[in-house]
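Asker: fold the following.
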Amino acid sequence: MVRTDNDTWEITESVGATALGVASARAAETRSENPLISDPYAQVFLDAVGDGVWNWHSARQLPPELVEAEPSVPLQMQAMVGYMASRTAFFDQFFLDATKAGIRQAVILAAGLDARSWRLPWPDGTTVYELDQPRVLEFKLATLTEHGAQPACDRVAVAVDLRQDWPEALRRAGFDPSAPSVWSAEGLMPYLPAVAQELLFERVQELTAPGSRVAVEALGPKFLDPEFRARRRERMERIRALMAKVDPGREIPRTDELWYFEEREDVGDWFRRHGWDVTVTPSDELMAGYGRRAPKEVEDQVPGNLFVAAHRTGG
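Answerer: This next block holds a predicted model:
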């Protein structure tokens, strides 16, 4: 699906389907023998929409013909589940550490289908603002309400496109820019044009008081590497062609068609330049720290993203 400036989507379409794909990975990790995270709601979302391209990590066993032709595919799937689990654990802990420090306002940009408002042990008095497209938030709330789940915080849904005037919508929803807050931008950067990323951070800067914290899953150097992109695309097209032959009803997603491959400022540098204390952890280090290091055979197939943690100490 080609991106346009003001595109919208159903939960099973375009960027919405990628949220289901990430839920698929979290569901697979939750079912594993030694799970790093526990997300009991991920499978609930998958069950609500049924089978589809998003079930790449949670679906039935891979066709043996595919594994025989591409032996690294199961390892690559394992590595991606480990990556998503590590990413989730990073943001979970970031929010919990902020609340332990007394912060009681949390903002989740592009909240997607991670049910963080439901599954984390938020302290009393915490308000979590979830920003995303209206249809995504509507599906999330309706599905979890039908399942009997209740948020563990004061959850405030802010239905808005992040390419539009979301700061005004956030303020109207009750957010107080004069008080410290904690923010996340997880799985968002490749879906934003470079100019929109810059504007997003400028707005965060305007809305954050001293003591605030921001965590970002930032794009790493290999995102724009033409050789890496070509290898990735060639491999995925080869696997898609094989799957079309052995299991025509099962589609493999082309998520990179939804991304903006544009030069942009390094996220850690941006926050340092604006007076924040910054720590940057490459994805391979993050995964190793959580005991989810990718198998050597597929190390180069794991996203080379950077996990940025920024703390605003000055005025």
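Asker: OK, contacts around E206?
Answerer: Residues counted as contacts of E206 (C-beta atoms under 8 Å, 6 or more residues apart in numbering) are 167, 177. Bear in mind the C-beta positions are built from the backbone N, C-alpha and C, glycine included.
Asker: so where does it fall, helix or strand?
Answerer: The secondary structure element spanning E206 is helix 194-207 (assigned by DSSP states H and E).
Asker: residues in contact with the helix or strand just after that helix: which ones?
Answerer: Using DSSP H and E, the helix or strand that follows helix 194-207 in sequence is strand 213-218. When contacts are defined by C-beta under 8 Å, 6+ apart, strand 213-218 is touched by residues 87, 90-91, 94, 98, 103, 180-189, 204, 208, 266-268, 271, 276, 280, 305-312.
Asker: using PDB, write down the CA coordinates of stretch 76-85.
Answerer: What follows is stretch 76-85 as a C-alpha-only set of coordinates in PDB (Å, rounded to 0.1, in the frame of the first residue of the first chain):
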ATOM      1  CA  GLN A  76      15.300 -15.200  11.400                       C
ATOM      2  CA  MET A  77      11.800 -15.500  12.900                       C
ATOM      3  CA  GLN A  78      13.200 -16.400  16.300                       C
ATOM      4  CA  ALA A  79      15.600 -13.400  16.100                       C
ATOM      5  CA  MET A  80      12.700 -11.000  15.200                       C
ATOM      6  CA  VAL A  81      10.600 -12.300  18.100                       C
ATOM      7  CA  GLY A  82      13.600 -11.700  20.400                       C
ATOM      8  CA  TYR A  83      14.000  -8.200  19.000                       C
ATOM      9  CA  MET A  84      10.400  -7.300  19.600                       C
ATOM     10  CA  ALA A  85      10.500  -8.800  23.100                       C
END
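Asker: next one, pLDDT for E13 please.
Answerer: Among the per-residue scores, E13 shows a pLDDT of 45.
Asker: may I see the buried residues of the helix holding E206?
Answerer: For helix 194-207, burial by neighbour count (16 or more other C-beta atoms under 10 Å) applies to 196-197, 200-201, 203-205, 207.
Asker: nearest to V73 among the residues you listed?
Answerer: Comparing the buried residues of helix 194-207 against V73 with C-beta to C-beta picks out Q197 as the nearest, at 32.0 Å.
Asker: for the closest one, give its distance to P151.
Answerer: Distance, Q197 to P151, using C-beta to C-beta, to the nearest Å: 29 Å.
Asker: returning to that earlier point: and the helix holding E206 with strand 213-218, angle?
Answerer: For the pair helix 194-207 and strand 213-218, the angle between their directions (axes from the mean of the first three to the mean of the last three C-alpha atoms, to 10 degrees) equals 170 degrees.
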